[in-house]
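Student: Here is my input; please provide its structure:
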Amino acid sequence: MTYIQRSMRFFFRLLYHPFAFAYDLVAATVSFGKWNDWVLGVIPFISGTRILELGHGPGHLQRFLLDRGLFPVAIDESPQMGRLAKRRSGTSHKLSRALALQLPFAEKSFDTIVATFPTDYIFNAQTLSEVKRCLSNGGRLIVLPVAYPKNSLLKWLYKITGESPSSLTDSVKSKIKRPFSDAEFITAIETVEVKSSILLIVIASSSPKGKNE
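Tutor: Numbering: from 1, shown residues only. From the prediction side, this is the model:
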């Protein structure tokens, strides 16, 4: 791990724990005010009524799902984020402090499991095994790992890599898709445009009943 990677991990740990109160401000700043629009970009891919969010953060997606009459549950390992999300979603809403590496739920509990801008835990084989255990037959894991603003930042990325937009996107897609395919999910990646931004969204489906059982 490089010095920059270690520094970024330390920064995000601070942001997710003692400085959680500043999370929304930082997210809005780095996304040019589009962070919540990006997070809600996963909504069209969520199916069923039994929904689990991994890493609920300050609770924006939970609030949106509740407002649509759904009954989601969510986990996060940060107690600070848990308090923020409780205030946003209501004290009766089911939020748990837990890790995706060891989900505290029974087998086949959910139709959709979703994670927006997760850290590297989402690519961990143990996480994906736990997700598969908790998904219903044919259920899906929806992951939003990356978003690109369609502005000077994106043009800068293309310039420094020396690649065309399509080749850069294909390279990222291939790298992101591999861990899910290795975990034997039926995996596809959708490119979605949301408010002058490009989202890469992973749709990783568990096998229908009888296919791999």
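
Student: buried stuff in the strand ranked longest in the chain?
Tutor: Taking DSSP state E as the criterion, the chain has its longest strand at strand 135-149. For strand 135-149, burial by neighbour count (16 or more other CB atoms under 10 Å) applies to 135-136, 139-149. (Each C-beta comes from the backbone N, C-alpha and C, glycine too.)

Student: Which one of those is nearest to residue 116?
Tutor: Set against residue 116, the nearest of the buried residues of strand 135-149 by CB to CB is residue 144 (4.4 Å).

Student: now that closest one, nearest residue through space, not along the chain?
Tutor: residue 116 (4.4 Å; CB to CB, 6 or more residues apart in numbering).

Student: thinking again about what came up before, can I get the buried residues of strand 135-149 in CSV with distance to residue 64 and pLDDT?
Tutor: CSV is the format used below for these (distance: CB to CB, whole Å; pLDDT from 0 to 100):
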residue, distance to residue 64, pLDDT
135, 21, 97
136, 22, 95
139, 20, 96
140, 18, 97
141, 19, 98
142, 14, 98
143, 17, 97
144, 14, 94
145, 20, 90
146, 21, 84
147, 17, 81
148, 22, 76
149, 21, 70
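
Student: Tabulate the residues you listed (CSV), appending distance to residue 127.
Tutor: Shown next, in CSV, are those (distance: CB to CB, whole Å):
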residue, distance to residue 127
135, 13
136, 18
139, 15
140, 15
141, 10
142, 14
143, 11
144, 16
145, 13
146, 18
147, 21
148, 25
149, 28
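
Student: next helix or strand past the helix ranked longest in the chain?
Tutor: Counting by DSSP state H, the longest helix found in the chain is helix 165-182. Sequence-wise, the next helix or strand downstream of helix 165-182 (DSSP states H and E) is strand 186-193.

Student: Report the mean per-residue pLDDT for that following strand.
Tutor: Average pLDDT, strand 186-193: 91.

Student: when you compare where whichever helix or strand residue 199 is part of runs with where helix 165-182 runs, what's the angle?
Tutor: Using DSSP H and E, residue 199 sits in strand 197-205. With axes from the mean of the first three to the mean of the last three CA atoms, to 10 degrees as the basis, strand 197-205 and helix 165-182 are set at 20 degrees to each other.
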